[in-house]
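Novice: sequence and predicted structure, then a few things I'm wondering about:
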2 protein chains.
Amino acid sequence: MSATPTSTKERILDVALELFVEQGYDKTSLRQIADRLGVTKAALYYHFERKEDIFLELHLRMHRLGSDVLDELDGLGPDEIVTAWPHVLDGFVDQVLANRDLFLLHQRNENAFKQIVDDERHRAENEDIEERFRALLADAAIPLEQRVRMACSIGAALLPLMGGDVFGDVDPGEIAGYAREAVRGLLGGQ
Amino acid sequence: MSATPTSTKERILDVALELFVEQGYDKTSLRQIADRLGVTKAALYYHFERKEDIFLELHLRMHRLGSDVLDELDGLGPDEIVTAWPHVLDGFVDQVLANRDLFLLHQRNENAFKQIVDDERHRAENEDIEERFRALLADAAIPLEQRVRMACSIGAALLPLMGGDVFGDVDPGEIAGYAREAVRGLLGGQ
DNA sequence: GTCTATATTTCGATAGAC
DNA sequence: GTCTATCGAAATATAGAC
């Protein structure tokens, strides 16, 4: 096992993710990131033009996760979406489990993300996942009751997995199992 | 109907709440608050010693709401808590509906709140609601499955009501109605 | 209670040597 | 690719007049 030769750029992103989750994007200075990494502030500017770009790069990681989930629903009709939803949610739980820090980053920095998404560069190239989610929940072809249930199921799946050690020292996988059951109860009971 | 003679302190809090929800606590400067209110920055310092204190005061408003909910469970045994939970959740939905801006404030500024809660003054006097919630979900006397369901139900109730106009131009009360049903499905199906 | 003016600090970002 | 040094902007907070 050779030491993983992670690129500096990657290491910056990892440290930034840590700090953004701990303290928030706004309260984290480039100096803190550089210090924890053992370099100087100026070095960061060789890899990223702006502080915002570090944040944006992390956002794109999450963006890719969300796209995978939503692609499953591409081209489906209203009824088929409702039918496929439980399976989609199950995949969603998997992704939250496997990428908890990324989801924490988003949950704890909602405002910072909102401002980045409303920005020039980003909006131009790729439409945002939140936008696609919105479109899904705004689709009048699906009965409102079903759409609200879909939204509820996301919240139900997300909250218990985001709390850290709220339930004491329990295996996250066990929590996820119970959460899946709960979500099935929510979606199953017509 | 006479114009409500709201005190300046109260008006500062209202304007601050607006801006903190729109832009986030960190990205909102005292200058912006003062401008929207039609006074100068220095005037704010007559009413609040620090910027943080404005935020703290808004946090306490929410704190009181949460305490009302949790007080219902005071002194109950594990089984009784589980039994009472659906009713608690129903009251919770009512409060979210009636105080959406306060809940939005918290949702969009999680990091800022975390730092304030970890602070001297605040921790000393009154234990935080989040702490009481944590204690509830960590209570080993309640089966883990039930506790996860409780957490899920909070997420399920919260998410659809926080999205703004995600569902199009629909009455929030109608959304809340469907959300209550969904939560019942989640909690009812053993 | 609100103002003008200013002190103080911190941060993002750049220039240029190595 | 990383460093030292510094600029310029913006923010919190204070002092003191009215």
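Specialist: The structure has been received and is ready for your questions.

Novice: from DNA strand D, how far off is the closest residue in space to A:Q95 that isn't next to it in sequence?
Specialist: With Cβ to Cβ, 6 or more residues apart in numbering or on different chains as the criterion, A:Q95 has its nearest non-adjacent residue at 5.4 Å, and that residue is A:L65. C-beta here means a position set from N, CA and C on the backbone, and glycine is covered the same way. Computed with Cβ to the nearest atom of the strand, to the nearest Å, the distance linking A:L65 and DNA strand D is 27 Å.

Novice: for A:L65, which three-state class applies?
Specialist: Three states are possible here, and by DSSP: H, G, I helix; E, B strand; the rest coil the one that applies to A:L65 is helix.

Novice: now do A:T6
Specialist: Classification of A:T6 into helix, strand or coil gives coil, according to three-state DSSP.

Novice: residue contacts, it?
Specialist: Going by Cβ atoms under 8 Å, 6 or more residues apart in numbering or on different chains, A:T6 touches A:D14.

Novice: ok, now the one 5 residues further on?
Specialist: Applying Cβ under 8 Å, 6+ apart to A:R11 gives the contacts A:L37.

Novice: now do the helices in chain A.
Specialist: Taking DSSP state H to define them, one finds helices in chain A at A:8-23, A:30-37, A:41-47, A:51-71, A:78-98, A:100-108, A:110-117, A:120-125, A:129-138, A:144-162, A:172-188.

Novice: just name the most buried of those helices.
Specialist: Looking across these with neighbours counted as mean count of other Cβ atoms under 10 Å in any protein chain shown, the highest average goes to helix A:144-162: a mean of 24.

Novice: mind giving me the packing neighbours of it?
Specialist: Packed against helix A:144-162 by the contact rule (3 or more Cβ pairs under 8 Å, 6 or more residues apart in numbering or on different chains; DSSP states H and E) you find helix A:78-98, helix A:100-108, helix A:129-138, helix A:172-188, helix B:144-162, helix B:172-188.

Novice: try 6 Å
Specialist: Contacts of helix A:144-162 with other secondary structure elements, assessed using 3 or more Cβ pairs under 6 Å, 6 or more residues apart in numbering or on different chains; DSSP states H and E, are made with helix A:78-98, helix A:172-188, helix B:144-162, helix B:172-188.

Novice: closest to DNA strand D out of those?
Specialist: Using Cβ to the nearest atom of the strand as the measure, helix B:144-162 is the one of these that comes nearest DNA strand D, at 25.4 Å.

Novice: pull the number of nearby residues for A:A140.
Specialist: Other residues within reach of A:A140 by the criterion other Cβ atoms under 10 Å in any protein chain shown amount to 10.

Novice: what's the closest non-adjacent residue to the residue positioned nearest the centre of chain A?
Specialist: Most central in chain A under Cα atoms, centre = their mean is A:F103, positioned 3.8 Å from the mean C-alpha point. Spatially, and ignoring its direct neighbours in sequence, A:F103 is nearest to A:V96 (5.4 Å; Cβ to Cβ, 6+ apart).

Novice: ok, that neighbour touching A:L102?
Specialist: No: under the criterion of Cβ atoms under 6 Å, A:V96 lies out of contact with A:L102, with a separation of 9.0 Å.

Novice: got the residues of chain A near chain B?
Specialist: Contacts of chain A with chain B, taken as Cβ under 6 Å from any Cβ of the partner chain, map to A:24, A:26, A:108, A:110-111, A:134, A:137-138, A:145, A:148-149, A:151-152, A:154-156, A:158-160, A:166-168, A:175, A:178-179, A:182, A:185-186, A:189.

Novice: one more pass at 7 Å, please.
Specialist: By the criterion of Cβ under 7 Å from any Cβ of the partner chain, the positions of chain A lying close to chain B are A:23-24, A:26-27, A:107-112, A:134, A:137-138, A:140, A:144-145, A:147-149, A:151-152, A:154-156, A:158-160, A:163, A:166-168, A:170, A:175, A:178-179, A:182, A:185-186, A:189.

Novice: so who does the residue nearest to A:L76 when sequence neighbours are not counted touch?
Specialist: Residue nearest to A:L76 in three dimensions, not counting chain neighbours: A:A84, with 6.3 Å by Cβ to Cβ, 6+ apart. Applying Cβ atoms under 7 Å, 6 or more residues apart in numbering or on different chains to A:A84 gives the contacts A:72-73, A:76.

Novice: which one of the residues you listed sits closest to DNA strand D?
Specialist: Taking Cβ to the nearest atom of the strand as the measure, A:E72 is the one of these closest to DNA strand D, at 37.0 Å.

Novice: dump the residue contacts of the closest one.
Specialist: A:84, A:88.

Novice: then A:Q32?
Specialist: Contacts for A:Q32 were tallied using Cβ under 7 Å, 6+ apart; they are A:L19.

Novice: pLDDT at it, what is it?
Specialist: According to the model's per-residue confidence, A:Q32 sits at a pLDDT of 98.

Novice: coming back round to it: same list (the helices of chain A) but as TSV, adding distance to B:L89.
Specialist: As requested, those are arranged in TSV below (distance: least, Cβ to Cβ, whole Å):
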stretch	distance to B:L89
helix A:8-23	29
helix A:30-37	40
helix A:41-47	46
helix A:51-71	27
helix A:78-98	20
helix A:100-108	21
helix A:110-117	23
helix A:120-125	37
helix A:129-138	22
helix A:144-162	12
helix A:172-188	13
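
Novice: mean pLDDT lowest for which of those?
Specialist: Comparing mean pLDDT across the helices of chain A, the weakest is helix A:120-125, with a mean of 66.

Novice: follow-up on the earlier one: distance of the residue nearest to the centre of chain A relative to A:I33?
Specialist: Noted for A:F103: a distance of 21 Å to A:I33, by Cβ to Cβ, to the nearest Å.

Novice: A:V93 too?
Specialist: Between A:V93 and A:I33 the distance, using Cβ to Cβ, works out to 31 Å.

Novice: so which residues on chain A come close to DNA strand D?
Specialist: By the criterion of Cβ under 7 Å from any atom of the strand, the positions of chain A lying close to DNA strand D are A:8, A:34, A:38-43, A:45-47.
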